[in-house]
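> predicted coordinates and the sequence they were generated for:
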Amino acid sequence: MSAHGPILGIETSCDETAAAVVSPDGHILSNIIFSHTVHTAYGGVVPELASREHAGRLPSVVGQALEKAAVGWGDLKGIAVTAGPGLVGCLLVGLAYARAAARARGIALYAVNHLEGHAHTPAMEAPDIEYPYLVLIASGGHSSLVVVEQPGHFREIGRTRDDAAGEALDKVGKLMGLDYPAGPQLDRIGHSGRADTISFPRARFDGQGYDFSFSGVKTAAAQDWSDRRSGKKPEVNLSDWAASFELAVMDALCDKLFRAAIDLKIRTISVAGGVARNRRLRNMVDEWARREGLRAVIPRGEWCADNAAMIAAVGLYQNACENPSLTDAFPNWGLGKPYTTGSDK
Ligand code: KG4
Ligand code: ZN
């Protein structure tokens, strides 16, 4: 063990088996992501299959991460592992592996919150980032607006009242006949489309804080799609249709992000999570920030999707678990909630 060595990160909360190594000064030395493809045929993540994939793939993914970083087990200071939120069986695979490896090597174990990992990616992208910064976390399971006061100190000021943004994209994409996850394909199809072709509704909750809602736009889009297929409404070009739907979702996200930044006088805004890979969203955030005179920090794509680099990076500033062998998975662990009381078992 090395008291000042690098940290190995492990992420298995959903359908990416990932491992990464971060140096003590925050450089990402490797970032290996294995995205499961077994779920495609089922139109969504099958938890049992995901757990099995993690169990089968994790040892080789970890091996690749160490090899790429040119780091041996004996060089490590510790292992940072996602302990929640996520699918419990999936989390337990990563935890069991990390606990055993930490114990066998006599190194520290860090139990990391997956959402904290996402919220930290802007600071990885821009190490000179000013605190507080505002981050929009938009993924398949979460959509929330978070003020990051300091590394590890958060204030969630808005969240979705129903579906996550990625969930709405994936469900509407499924109706369109796209494979799971549909978000990246909608990005491709809609990228060159005319986004003002159809005006889909946006939930705004004006004057009621910064919550999101995507069930309305999801239902409206599903209805519109079926009306156009059945001839009730005139057909439109697929790319224009996808662009219009994408815009409705991204516009609702940007509206809250920028309104909160202006109200709270926060000068740096950022995006994180899988949906933050979306090119329309990235362009919109960039343009709005320029218009409002704010700094936009948009993490590179491989740090927006689920990855272990963000988990390892949180391990750098977090305290190690006092009793690694009792470290457990917390499937509903809320961002900013202490690990000991994050339990929902
Ligand atoms: O953060 P993430 O990888 O996993 C979760 O923690 O959920 O996010 C996955 C979500 C999926 O809903 C996927 O469709 C969406 O991110 N996504 C995208 C794009 N890439 C991934 N959505 C829109 N455009 C993309 N390019
Ligand atoms: Zn995620």
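Yep, that arrived. Ligands and ions are numbered 1, 2, ... in the order given.

> ok, which stretches of the stretch 151-300 of the chain are helices?
Assigned helices in the stretch 151-300 of the chain, in chain order: 165-175, 183-190, 215-230, 238-264, 279-292 (criterion: DSSP state H, counting those that start in this stretch).

> deepest-packed of the ones you listed, please.
helix 165-175 (a mean of 24; mean count of other CB atoms under 10 Å). Just so you know, the C-beta spots here come from the backbone N, C-alpha and C atoms, and that holds for glycine as well.

> hang on, the earlier thing: any chance of the helices of the stretch 151-300 of the chain in JSON lines, plus mean pLDDT and distance to Ala119?
Output for the helices of the stretch 151-300 of the chain, formatted as JSON lines (pLDDT from 0 to 100; distance: least, CB to CB, whole Å):
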{"stretch": "helix 165-175", "mean pLDDT": "95", "distance to Ala119": "16"}
{"stretch": "helix 183-190", "mean pLDDT": "97", "distance to Ala119": "20"}
{"stretch": "helix 215-230", "mean pLDDT": "96", "distance to Ala119": "25"}
{"stretch": "helix 238-264", "mean pLDDT": "97", "distance to Ala119": "14"}
{"stretch": "helix 279-292", "mean pLDDT": "98", "distance to Ala119": "16"}
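
> distance to Asp206 for those helices - can I get that in CSV?
Converted to CSV, the helices of the stretch 151-300 of the chain look like this (distance: least, CB to CB, whole Å):
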stretch, distance to Asp206
helix 165-175, 19
helix 183-190, 27
helix 215-230, 14
helix 238-264, 9
helix 279-292, 18
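
> for Pro151, which of those helices is the nearest?
helix 238-264 (19.0 Å; CB to CB).

> the closest one vs ligand 1: in contact?
No. Helix 238-264 lies out of reach of ligand 1 by CB under 6 Å from any ligand atom, never closer than 7.5 Å.

> helices and strands around that helix, which ones?
strand 133-138, strand 143-150, strand 153-159, helix 165-175, helix 183-190, helix 215-230, strand 268-272, helix 279-292 (3 or more CB pairs under 8 Å, 6 or more residues apart in numbering; DSSP states H and E).

> apply 6 Å and report the result again.
Helix 238-264 makes packing contacts with strand 133-138, helix 183-190, helix 279-292 when contacts are defined by 3 or more CB pairs under 6 Å, 6 or more residues apart in numbering; DSSP states H and E.

> rewinding a little: JSON lines please, covering the helices of the stretch 151-300 of the chain and showing distance to ligand 2.
Shown next, in JSON lines, are the helices of the stretch 151-300 of the chain (distance: least, CB to the ion, whole Å):
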{"stretch": "helix 165-175", "distance to ligand 2": "9"}
{"stretch": "helix 183-190", "distance to ligand 2": "12"}
{"stretch": "helix 215-230", "distance to ligand 2": "20"}
{"stretch": "helix 238-264", "distance to ligand 2": "15"}
{"stretch": "helix 279-292", "distance to ligand 2": "15"}
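
> tell me which of those sits nearest to Leu87.
Proximity to Leu87, assessed across these by CB to CB, is greatest for helix 165-175 (14.6 Å).

> centre of the chain to that closest one, how far?
16 Å (CA atoms, centre = their mean, to the nearest Å).
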